[in-house]
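Q: Sequence first, then the predicted structure, then my questions.
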Amino acid sequence: MQREAAIREPLILGHKTYKDITDDVVGPIMGPAPLGWKIMITISSLIAVYGVGCILYLLGTGIGTWGLNKTVDWAWDITNFVWWVGIGHAGTLISAVLLLFRQKWRMAINRSAEAMTIFAVIMAAVFPGIHMGRIWVSYWVLPLPNQFGSLWVNFNSPLLWDVFAISTYFSVSLVFWYIGLIPDFATIRDRVTGPIQKKIYGVLAFGWSGRAKHWNRFEEVSLVLAGIATPLVFSVHSIVSMDFATSVIPGWHTTIFPPYFVSGAVFSGFAMVQTLLLIMRKGMNLENYIHVKHVEYMNIVIIVTGSIVGVAYLTELFISWYSGVEYESYAFINRFSGPYSWAYWMMMSCNVISPQLFWFKKIRRSLVATFALSIVVNIGMWFERYVIIVTSLHRDYLPSSWGEFHATSIDIGIFIGTIGIFLTLFLAFARFFPVLALNELKTILKSSGESYKNEQAK
Amino acid sequence: MNMANNKRYWTGLDDLHQTEAFQELQGQEFPQHEAIDEALGNEGLTSATTGRRDFLKFMGFSLAAATLAACETPVVKSIPYTNKPEEVTPGVANHYASTYYNGQDYVNVLVKTREGRPIFIKSNTATGVGHANVRVNASVMGLYDSARLQGPHIAGAGSSWDALDAEVAKAMSASGRKVVLTNTVLSPSLQRTIDTFCESHGADHVQVDAVSHNALRKAAKLHTGVDTFPGFEFSAAQTVVTVGADFLGTWGDAAYYESEWVKTRRPENGTMSKLHAFETVMSLTGTNADTRTMVKPSEHGKVLAALHAAVTGQGSVTGLDERVAAAVKAAANDLKRAGAAGLVVAGANDVDAQLVAAAINTALGADGTTVKYSGDRLFAGDDAAFAQLVQDMNAGRVSALVMHGTNPAYHAADKEAFRTGLAKVKFSVSTSWFADETTARCTAMAPDHHWLENWMDLRIGGTRVDLAQPTIQPLFDTRAAGETFLAWAGQPAAWYDVVRTTHSGGYTSEAMYNDVSWNGSLHDGFYMTGEAMPASAAAMGQDVSASVRKLSAAKGGAFELALYQKQAIGFGDQAGNPMLQETPDPVSKVTWDNYVTMARVDMEALGLNTYIAQRDKASVVKVTVNGQSVELPAFMQPGQTPGTVGIALGYGRGDGGENIGRAAFATGENGEHLQTAEGKPMPIGANVFGFATVSADGSPRYDAYDVTVEATGAEFALAATQIHNTVMDRDSVVKETTFDSYLAEASKPKGQASWNKNHTLTVHEDVNGDGIIDASDGKKTSAFDLWKSHPVEGVGHRWGMTIDLTTCTGCSACVTACHIENNVPVVGKDEVRRHRDMHWMRIDRYYASDWSQERGAEEGVGVISSYTKMEDPSANPQTVHMPMMCQHCNHAPCETVCPVAATTHSNEGLNQMTYNRCIGTRYCANNCPYKVRRFNWFNYQGYAKFQHTNPSQDSLTRMVLNPDVTVRARGVIEKCSMCVQRIQEGKLSAKKAGTPVEDGTVLTACAEACPTHAINFGDLNDEASKVRTNANNNRSYHALEEVGIQPNIFYMTKVRNTESNEA
């Protein structure tokens, strides 16, 4: 049996038996829906419906319902896209990278982080779709053999790379998530009594019987998928960043973008995990599984990635001056002193200054502070993309074309709407899916459970 | 032997040879058992599942289906020509020579028709004089305006021509003064019919111009004794001084002056004329001036007097600002140096000012070289006679008023007096195309043909007679005005015969009698007669001291007002033309609106907003002149003389909600017509003709010396296509130099002269071989390349363009030409305000700033604050106009980023856009350094927001669309195609002719429309082509060369004729 140093904080608090874990996770699924959940899902689905309405209006009327113009041809659409993709980074990082590094603390959070990833990537995928002028021909971005003539996609275009990167990432994440869910679905299947539920969970459990062979294959597939998913964590946002980096626009044309975007993505992804988990652990009484130590670990990741992002911001500024290119240097001077400097300083304070507070152990371990800061980071990361996209575009090469961007109610409505859809999906997940990887947790109960650890220490 | 018995007919070879099989078959009624026998055989019938009931069911269904199919959507029938007209080939354009004249602009044009529809107007270069401007180019749209009167009207109700003729006959028998009121009639035939009408009814003919130039004629008469509009020959001038005359834009015969003036502005010739401008409002001419001095309207006279004093050496003028006096001195010196090649033009419609200007020209010896008094008939309007007419009308003395080509209820200085007078006239009729302000108030309407539907002859003076011919059958039940006059004179005749007759007798020599010459003249659009119009006299050397004294004594108030005309709108006759309304003013870049131009200092003193953008609205000010006031948004205009305001004429059309075209009225945020308090559509801007100071002789002088300007606290959104005014020290966008520094390095090879250095990138190797690696080691940007080169150089065609910034005046003729050629959508004010104008071709206008990073470094101001300071233009800035469209980069950034390869490079160097492949990601637009790509944000052809502005939403107006160019769908990107349809046409006709494509046979719409030939288009691979020669010129460069995108469009360094020390 695996042993863990006694001085390490336990990962599961209190005295839990295997049955307790199953009860804690499966209980909420079998019981009636709590009132709080009903209220939350009502609100979020109303927001979702509003967002869908805005999207339909956009599709019916035209992209002109957004605030874009001849100078700023992307704004909230791609900002939201990159923001959601960024958020979708934490899940795979937690489940794949931390799996490879044998970080056991991931077990409490990986399930919901992965769910969040899936939902965030779905939200992200909405934007490249609806931002197209002619969404009805959006399938032309796929290299499908066709009879339109010799039409083929342009493999030089980073947008095409995006299509491949996002779809690969989404499918691998989905498979990874589902594989992890199989033993847990089987547990639920074995417990639920309703015939329909039994049927559904039975199908979802994919014939899992808990045999040693199944466990063996499960472990192997998880490892293989983790191996596949790990490079994806880095590739997706690198490729997204190339939408900007390979262009000629000052402020976009920057070689630092891929690593800077990846760390920014992990940064925002962890912040979103914090936001969601802190609510979920409270609402679903999971304090014993997701506790201060988990939060602290994640806050450490946030400090590290936030600092990388901060260094990247400063590097950009330095290089813009050092390059001696007047367009480049003006682009950055304009960022922090021009008409959109408020967005820049919003980004700077949210992303660079605020996470530094986590150096203080008290703050790092404070759930309230963590929750507040996680929201601040999410806001900051949204502004980072807004700054990159809008402030670079609104004043590029020819001053005659310099313009402004002002969001319309449809811009805002669709963004808020995707948050609504996302929360609706996440709430549905929390209600019907095992929110903790319960069978995985059982593997560390004896080594990292508080009471067992204490016994061993004796 | 009987031959008949030998004859044998056989049905086939089998029959001939009587084969076995044939004989067998011959005995049977049916050649063989067909499957049908089995189906219908008794056996089959009994076992068939299709019974009687089924049969009835099928029958019923077929009947129902056939009935339903008959009720399909309306059947659209396209009827081919039964007999194809000889000259019309579907898909091939025909061009007809014609002449445009609207009372102010006068241009020989070629009208392009497709399948009998006029769709495009361009200059007829055969005459060699003048050039179509922005207003003329766009005028084709007026033909298809569904607001046009569709037939005669009596008392507001539709009627017939016979009824109207009877009505007129009745009216003419009444006693009282009868008057024919027209604009300046330049048509000998029309004049003849008017004379006939006047004779038969004892009527008077009064002419009045929308914007009066009466003082020029009066002064010319006083000065020379000849009744003439002075003929200014800018091409002969070495020094031009303009005192408030916007001769490149809207003053006088501007369409002629612009192309003439620019002939003296080619630095390659080794000489360049110099233009001194003294003006109040920043005019198009002012933006092109070498030196520009801001003066108030009340100082215009003093400037002229001082110039007169300096040139003649007699007298002196005091009271001029030191700055102005110095500028006058410099201008006078240049004038004296130029002597007979000097020219002074004055804009004020004031006899004294014009007399003094004429006297200066005479003193210079310029009469006969730059000024000719040769009996030109332009601007023959007589303001005094018009004033008398209005007086008579109000006194009830006028019984009948017949109007043609004029709209005094809009443009009269005292329009209310005219309107009340008109109401007192028993019978009034107008031949206007629209029920405009005047026509709507008439008792009858007798609409004339549109000029594109009509015959016309026109003659300004000299020996040239211009002809206009119909290019389409009249769309409506209209009648040529000349025919109308003759019908009313009781001598009906066909208008064509009248015009024809004029030219078989009136002016011409023998040759004109025969049809060959007539048809030849129609083909050319003009002919030269042997006889000049009677005119020409030497200057009489009038003593102008009285005028000088009067001018010197002018006193100004706290605020003075200058009225001017905007390039696109002119005097407002085409207010309903959406394309002109959307054409940005070349100076302010504001579209769709009228505003008060003000200097920054004055605006700051009044606390007004100086920055206009999407959400930064203009402050509304109240300008009061002589008790009349108007509230208009204030616009910060660099170059506006402090202490003055400027307001454009030509706005406020349709103030009574008259039906003058849907685009003539203000639209709101959803494209709806805004309503006035009375529930009528709200006019755009305000009519300020009434603000002109009317002198004793009835002539309006388009300024006022004492006005008040107050802030109202209200705000109003203005829509400008360009909101940033300066070039921010970016030296690879616009390159400019002074004439002396140009001359000093004129012979240097391209890329060497200090004013057009090759852009180099510093590399870490010893390029120049001086043994040290330092910042001076640079390589040309073209040495760095990620991409394989497109094989365009030296292979086949490589289309390219050169744009000379020296000769580009910013007149915007190219903008409308491109707009109309390429079916560019008109999007209306609210969309322009949102920076969503769709122009493929735009003119970037940059003002110089007082500030630069260099100056910042000298004065110890930081880089960041220097950038902020650079955003402000100088108070009286130098200006550059830079036409900007797709640069057709050989390494185009847009092409690499399109995920579906909708934008690609042609093997002829064109960056082409495939609309039906575009999915609308707009990545290309983002990645374009020139920001020339335009996205179809809405379905402009159907979305309600554009119902009043977009021509394609009107079933008639959409006839103007060019059938060679796709109308783009919602959601796709579009941009300049270098008129690929024209290139294709040119290549095809060259192929048919079996010749190579000759230089100059393929021209883009912009190059063709450019009155100054600043834009040249051609094949860069053709070594002899103009465009290649220009591209090799040492003034040419690529904008943003260092981005490495290798455009096919070259700009040529702007050369100003200033001394380098005064720049």
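A: Yep, that arrived.

Q: Please make it C-alpha for all contacts and neighbour counts, starting now.
A: Noted.

Q: Can you pull out the low-pLDDT segments for the chain?
A: I'll assume chain A. Flagging of chain A using pLDDT under 70 yields the residue ranges A:1-2, A:457-458.

Q: wrong chain, I was asking about chain B
A: Across chain B, the ranges flagged by pLDDT under 70 are B:1-7, B:29-50, B:68-81, B:505-516, B:530-542, B:1060-1063.

Q: The longest strand along it pairs with which strands, parallel or anti?
A: The longest strand of chain B (DSSP state E) is strand B:703-716. Taking DSSP bridges as the criterion, strand B:703-716 forms sheet pairs with strand B:559-564 (antiparallel), strand B:618-625 (antiparallel).

Q: For that strand, give me every contacting residue.
A: Outside of strand B:703-716, the residues within contact range by C-alpha atoms under 8 Å, 6 or more residues apart in numbering or on different chains are B:297-298, B:555-563, B:606-608, B:617-626, B:633, B:691-693.

Q: what's the closest non-adjacent residue to the residue of the stretch 201-350 of chain B found nearest chain A?
A: Closest residue of the stretch 201-350 of chain B to chain A, C-alpha to the nearest C-alpha: B:Thr287 (16.4 Å). Once flanking residues are discounted, B:Thr287 sits nearest to B:Thr879: 5.2 Å by C-alpha to C-alpha, 6 or more residues apart in numbering or on different chains.

Q: Next: A:Phe383.
A: Nearest to A:Phe383 is A:Met347, by C-alpha to C-alpha, 6+ apart, at 5.3 Å.

Q: which element is the one you found on?
A: Using DSSP states H and E, A:Met347 sits within helix A:341-348.

Q: List the buried residues for that helix?
A: In terms of neighbour count (16 or more other C-alpha atoms under 10 Å in any protein chain shown), helix A:341-348 has its buried residues at A:341, A:343-348.

Q: go on, stretch A:413-424?
A: Residues of stretch A:413-424 classed as buried by neighbour count (16+ other C-alpha under 10 Å): A:413-424.

Q: The residues you listed in helices, which ones?
A: Members of the buried residues of stretch A:413-424 lying in helices (criterion: DSSP state H): A:413-424.

Q: Among these, which pair sits farthest apart?
A: Spatial extent of these (C-alpha to C-alpha) is set by the pair A:Gly413 and A:Thr424 at 16.0 Å.

Q: Show me the contact partners of stretch A:364-379.
A: Contact with stretch A:364-379 is made by A:267-268, A:271-272, A:274-275, A:278, A:292-293, A:295-296, A:299-300, A:347, A:350-351, A:354-355, A:357-358, A:363, as judged by C-alpha under 8 Å, 6+ apart.

Q: re the thing from before, what's the residue nearest to A:Phe383 in contact with, if anything?
A: Contacts of A:Met347 by C-alpha under 8 Å, 6+ apart are A:379-381, A:383-384, A:387.

Q: Spell out whether stretch B:660-674 and chain A are in contact.
A: No - in terms of C-alpha under 8 Å from any C-alpha of the partner chain, no part of stretch B:660-674 sits within range of chain A; the closest distance is 11.3 Å.

Q: So which bits of that stretch are buried?
A: B:660-667, B:671-674.

Q: can those go into CSV with extra columns for secondary structure?
A: CSV is the format used below for the buried residues of stretch B:660-674 (DSSP: H, G, I helix; E, B strand; the rest coil):
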residue, secondary structure
B:Ile660, coil
B:Gly661, coil
B:Arg662, helix
B:Ala663, helix
B:Ala664, helix
B:Phe665, strand
B:Ala666, coil
B:Thr667, strand
B:Gly671, coil
B:Glu672, coil
B:His673, strand
B:Leu674, coil
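
Q: Looking at those residues, which is nearest chain A?
A: B:Gly671 (13.4 Å).

Q: What about the nearest residue to the closest one once chain neighbours are set aside, how many residues nearby?
A: Excluding the flanking residues, the one nearest B:Gly671 by C-alpha to C-alpha, 6+ apart is B:Lys945, at 4.2 Å. Using other C-alpha atoms under 10 Å in any protein chain shown, B:Lys945 is surrounded by 22 other residues.

Q: A:Leu314 too?
A: 12.

Q: can I assume it sits in a helix?
A: Yes - looking at A:Leu314 with three-state DSSP, it is inside a helix.

Q: gap between B:Met485 and chain A?
A: That one is not Met; residue B:485 is Phe. Going from B:Phe485 to chain A by C-alpha to the nearest C-alpha, to the nearest Å gives 52 Å.

Q: What strand or helix carries that residue?
A: With DSSP H and E as criterion, B:Phe485 is part of helix B:481-488.

Q: mind listing what B:Ala466 touches?
A: Check again: residue B:466 is Asp, not Ala. By C-alpha under 8 Å, 6+ apart, the contact list for B:Asp466 reads B:98-99, B:108, B:457-459, B:525-527.

Q: Not counting sequence-adjacent ones, nearest residue to it?
A: B:Phe526 (4.1 Å).

Q: and the stretch 301-450 of chain A, which of its residues are near chain B?
A: Those residues of the stretch 301-450 of chain A that sit near chain B, judged by C-alpha under 8 Å from any C-alpha, are A:326, A:333, A:337, A:393, A:396-404.

Q: Look at the residue nearest to B:Asp466 and say how many residues are nearby.
A: With other C-alpha under 10 Å as criterion, B:Phe526 counts 25.

Q: Now do the contacts for it.
A: B:127, B:464-467.

Q: repeat for B:His797
A: Contacts of B:His797 (C-alpha under 8 Å, 6+ apart): B:907-909, B:1019-1022.

Q: what's the spacing between it and B:Gln878?
A: 38 Å (C-alpha to C-alpha, to the nearest Å).

Q: Please apply the same query to B:Thr737.
A: 12 Å.

Q: In this model B:Thr438 seems to touch B:Ser428, though I could be wrong.
A: No - B:Ser428 is beyond contact range of B:Thr438, at 9.7 Å (criterion: C-alpha atoms under 8 Å).

Q: Go ahead and confirm A:Ser400 touches B:Tyr847.
A: No - between A:Ser400 and B:Tyr847 there is no contact under C-alpha under 8 Å: 10.5 Å.

Q: quick one on the thing from earlier: CA-only coordinates of the longest strand of chain B in PDB, if you can.
A: Taking Å, rounded to 0.1, in the frame of the first residue of the first chain, the C-alpha atoms of strand B:703-716 are listed here in PDB:
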ATOM      1  CA  ASP B 703     -20.900  86.200 -46.200                       C
ATOM      2  CA  ALA B 704     -22.000  88.300 -43.300                       C
ATOM      3  CA  TYR B 705     -19.700  90.500 -41.200                       C
ATOM      4  CA  ASP B 706     -21.600  90.500 -38.000                       C
ATOM      5  CA  VAL B 707     -23.100  87.300 -36.600                       C
ATOM      6  CA  THR B 708     -23.600  85.900 -33.200                       C
ATOM      7  CA  VAL B 709     -22.700  82.400 -32.200                       C
ATOM      8  CA  GLU B 710     -24.000  80.900 -29.000                       C
ATOM      9  CA  ALA B 711     -23.800  77.400 -27.500                       C
ATOM     10  CA  THR B 712     -27.200  75.800 -27.100                       C
ATOM     11  CA  GLY B 713     -26.100  72.900 -24.900                       C
ATOM     12  CA  ALA B 714     -27.700  70.500 -27.300                       C
ATOM     13  CA  GLU B 715     -25.700  67.800 -29.000                       C
ATOM     14  CA  PHE B 716     -26.000  66.300 -32.400                       C
END
